[in-house]
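# how would this look folded up:
(one chain, ligands or ions: 3)
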Amino acid sequence: MNKERLWNRLHELSQYGKDPIAGHTRFSFTKEERMAKDLTAKYMLEAGLEIREDAIGNLIGRKEGTMSDAPAVLIGSHLDSVPQGGMFDGPLGVLAGIEVLQSMNEREIVTDHPIEVIAFTDEEGSRFQFGLIGSKAVAGVLTEEDLQRSDQNGITLGQAMKENGFDPLRFKEAARDPKTVKGYVEVHIEQGKVLETNNLPIGVVSGIAGPLWLNWKIKGEAGHAGATPMQLRKDPLVAAAEIMQDIEEQSKKYTNAVATVGKISIKPGGVNVIPGEVEFTLDLRDIDESVRDTIEKTIVANANKICSKRKVELEVTTLQRVAPVPCSPEIREVIEHACSQSGVKAYTMPSGAGHDGMQFKDFCPIGMIFVQSKDGISHNPAEWSTK
Ligand code: GLV
Ligand code: MN
Ligand code: MN
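Ligands and ions are numbered 1, 2, ... in the order given. Here you go, the predicted model:
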């Protein structure tokens, strides 16, 4: 591979979607994302790939193999980011895929199977509160209801597609026949500290933890902060506080479970106004689906008790429920073998973060390669890795 070229492209691409405060904010179907996609398409052409964009906006570069109609090996990741995220989460996997194919073309390496690099639309879910949109479409599991999901300005996914020149009625055309796909691989920064702490270069991913996203809406009664005695209040925010504490407590009972409240809104939101309504999100994950679902049941049951005691109304809705996914033993073996041939120590580890490959659980075998994240920091402007 040409390390310099990959490194330079990572930096060039990172110019698009720079957040005015810090890091990168590059949401799907925005000007910033379009510019990042156009630059990526240029790299794909430089790599000698045949490019196309599918019906959901996935950007695809293909290198043909010698066997006509043989299923393709997919290499992918995403170009969108979380709010104020870093420059490696996503772009590294896309650009590494392009680099692999460009290096192969330069050395005139021909494979039997075609290989495709895919930059998936909206992996992070930051805009429409559910992610893996492009990979969902490829796996044929994106639905018409999904197109109705809206961003914080009320723009639906379908409308955003339209504004960007895509016909939402044709989203199903992005779905692929599993017979045309041989497998999926992705390179990603680890987003944790295991590799760095143990001075290991490569992680071979054993499986990916499944995120469950819930939206919690609690309705109470807005009132005067000075004139309403404490015992007469129906304050949804204190109920939320109690629920959040319970979420932490229940999750800590399990070694691998992680729970995060990352968004909250308080209405109407005045210093001297008792809140009338509170909404917050929960991201709950475990590598073991039954553990995750047990925690979910417990915290929802406890929350119902907390809310009825406090005389406030609770409504919990599911934003996304993704099953944990094991990586293919065959692909893991191939990666381990490649590592041992190059004298690189490979370390087997699970992924706590979600990735596009999760959507291919029942579609094709998947595998992932992790590289170090500096200080384990990710979803943060300080996200870093070394050349
Ligand atoms: C994606 O980065 C996720 O795991 O939420
Ligand atoms: Mn991410
Ligand atoms: Mn990612």
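
# hey, let's count contacts and neighbours off CA atoms from now on
Will do.

# give the contact list for the closest residue to Leu13 other than its chain neighbours.
Ranked by C-alpha to C-alpha, 6 or more residues apart in numbering and with sequence neighbours excluded, the top spatial neighbour of Leu13 is Ala36, at 6.1 Å. Contacts for Ala36 were tallied using C-alpha atoms under 8 Å, 6 or more residues apart in numbering; they are Leu13, Tyr16, Leu79.

# Just want the most central residue of the protein.
Glu124 (3.5 Å; C-alpha atoms, centre = their mean).

# number of nearby residues for the residue lying closest to that residue once chain neighbours are set aside?
Closest residue to Glu124 apart from its sequence neighbours, by C-alpha to C-alpha, 6+ apart: Gly131 at 5.0 Å. By other C-alpha atoms under 10 Å, the residues close to Gly131 number 21.

# So the residue sitting furthest away from the middle of the chain, which state does it fall into?
Taking C-alpha atoms, centre = their mean, the residue of the chain most remote from its mean C-alpha position is Ala227, at 45.8 Å. Following DSSP: H, G, I helix; E, B strand; the rest coil, the label given to Ala227 is coil.

# Which pLDDT value goes with it?
For Ala227, the model assigns a pLDDT of 97.

# Ser68 now?
80.

# where does it fall, helix, sheet strand or coil?
coil.

# quick one: the residue nearest to the centre of the chain from Met67, how far?
35 Å (C-alpha to C-alpha, to the nearest Å).

# what does Asn380 give?
43 Å.

# Looking at these two, which is more packed in?
Asn380 (17 against 11).

# Excluding chain neighbours, what is closest to that one?
Closest residue to Asn380 apart from its sequence neighbours, by C-alpha to C-alpha, 6+ apart: Gly85 at 4.6 Å.

# list the buried ones in stretch 39-58?
Neighbour counts over stretch 39-58 (16 or more other C-alpha atoms under 10 Å) mark 39-41, 43-45, 47-49, 51, 54-58 as buried.

# Just give the number of residues close to the residue nearest to Asn380.
Counted by other C-alpha under 10 Å, the residues lying close to Gly85 total 23.

# ditto for Val300
18.

# three-state assignment of it?
Going by three-state DSSP: Val300 is helix.

# sorry, back to before: and the residue farthest from the centre of the chain, how far is that from Val273?
Remark: distance between Ala227 and Val273 (C-alpha to C-alpha) = 10 Å.

# measure Ala338 to ligand 3 for me?
Using C-alpha to the ion, to the nearest Å, one obtains 23 Å as the distance from Ala338 to ligand 3.

# Okay, and Thr294 sits in which element?
Using DSSP states H and E, Thr294 falls within helix 289-309.

# Ser378 is in contact with the residue nearest to Asn380, correct?
Yes: using C-alpha atoms under 8 Å, Gly85 is in contact with Ser378, at 7.2 Å.

# By neighbour count, which of the contacts of Ala36 wins?
Leu79 (32 neighbours).

# Now the phi/psi pair for it, please.
phi -110, psi -10 (degrees, to the nearest 10).

# Isn't it up against Arg34?
No: between Leu79 and Arg34 there is no contact under C-alpha under 8 Å: 9.6 Å.

# where along the stretch 251-387 of the chain do the helices fall?
With helices called from DSSP state H, counting those that start in this stretch, the stretch 251-387 of the chain shows them at 289-309, 329-341.

# Contact residues of the stretch 101-250 of the chain facing ligand 1?
Glu124 (C-alpha under 6 Å from any ligand atom).

# Swap in 8 Å and give it another go.
Glu123, Glu124, Gly125, Gly131, Pro211 (C-alpha under 8 Å from any ligand atom).

# can you pull the contacts of the second one?
Applying C-alpha under 8 Å, 6+ apart to Glu124 gives the contacts Asp80, Ser81, Val82, Phe130, Gly131, Leu132.

# ok so, going back, is the residue nearest to Glu124 in contact with Phe120, as I believe?
No: at 10.4 Å, Gly131 does not count as touching Phe120 under the criterion of C-alpha under 8 Å.

# the domain parsing of this structure - what is it?
3-209+325-376, 210-321 (automatic domain parsing).

# Using a markdown table, please lay out these together with distance to Ser385.
A markdown table is the format used below for these (distance: least, C-alpha to C-alpha, whole Å):
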| stretch | distance to Ser385 |
| --- | --- |
| domain 3-209+325-376 | 5 |
| domain 210-321 | 24 |
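
# Indicate which one of the helices of the stretch 251-387 of the chain is closest to Ala96.
helix 329-341 (15.1 Å; C-alpha to C-alpha).

# And the pLDDT for Ile287?
86.

# err, Ala222, not the other one
Per the predicted model, pLDDT is 98 at Ala222.

# Which residue is the nearest non-sequential neighbour of it?
Nearest one to Ala222, counting by C-alpha to C-alpha, 6+ apart, is Gly276 at 3.8 Å.
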